[in-house]
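1. Sequence and computational prediction follow.
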Amino acid sequence: MGPVVQGEFSVIHNSITDADFDNFSYGAFVVTDIGGGVIQINGTSITVPNEWEGQVVPMMIKPIGTLGDADLFFLGNPKPVGLGPTGQMSGVTATANAVWQFINIKTGLPTNG
């Protein structure tokens, strides 16, 4: 998950139609009209009190375990282009030689070294 600046967001995405976890990181949500219903974020079911409607609720939102709802909007920022995992990923020993796997910074794919 990429960096999110808490409190400063450049996009608001409807959780069903616009959510794009590949290109955006979300650091808050807004419920527009859930009527005390339940939403699921990060694998946790949250009963939303009526007082939360229209309020910005800060929370790092992960794609796994998060379900969209027509009245749920995510606030976030684009992920920086070109940043991602780099360096040593894993290490195994093959015979007497150590074999390491790295992330290729240009392709983002694992490479044995």
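-> Okay, I see it. Residues are numbered from 1 along each chain as shown.
2. By mean pLDDT, flag the weakest helix or strand of the chain.
-> Sorted by mean pLDDT, DSSP states H and E, the helices and strands of the chain end with strand 87-94, the least confident at a mean of 50.
3. what residue ranges in the chain score low on pLDDT?
-> Scanning the chain for pLDDT under 70 picks out 1-7, 36, 81-106, 108-113.
4. which stretches of it form strands?
-> In the chain, strands defined by DSSP state E lie at 11-14, 24-31, 38-41, 44-47, 56-61, 72-78, 87-94, 97-103, 110-112, listed in chain order.
5. what's across from the residue lying closest to residue 76 once chain neighbours are set aside in the sheet?
-> Once flanking residues are discounted, residue 76 sits nearest to residue 26: 3.7 Å by Cβ to Cβ, 6 or more residues apart in numbering. (Each C-beta comes from the backbone N, C-alpha and C, glycine too.) Beta-bridge partners for residue 26, by DSSP bridges, are residue 61, residue 76.
6. just use 18 as the starting number from now, easier for me
-> All right, first residue 18 from here; so that's residue 43.
7. Quick check: residue 43 touching residue 78?
-> Yes: the pair formed by residue 43 and residue 78 meets the contact definition of Cβ atoms under 8 Å, at 4.0 Å.
8. and for those two, which residues touch both?
-> Here residue 43 and residue 78 share the contacting residues 91, 93, scored by Cβ atoms under 8 Å, 6 or more residues apart in numbering.
9. tell me the domain ranges of this structure?
-> Split into domains by automatic domain parsing, the chain comes to 28-95, 101-130.
10. Start and end of the longest one, how far apart?
-> When you say that, I think you mean domain 28-95. Chord length of domain 28-95, first to last residue, is 8 Å (Cα to Cα, to the nearest Å).
11. Contact partners for the nearest residue to residue 84 once chain neighbours are set aside?
-> Of all residues not flanking residue 84 in the chain, residue 57 sits nearest, at 4.4 Å (Cβ to Cβ, 6+ apart). Going by Cβ under 8 Å, 6+ apart, residue 57 touches 63, 82, 83, 84.
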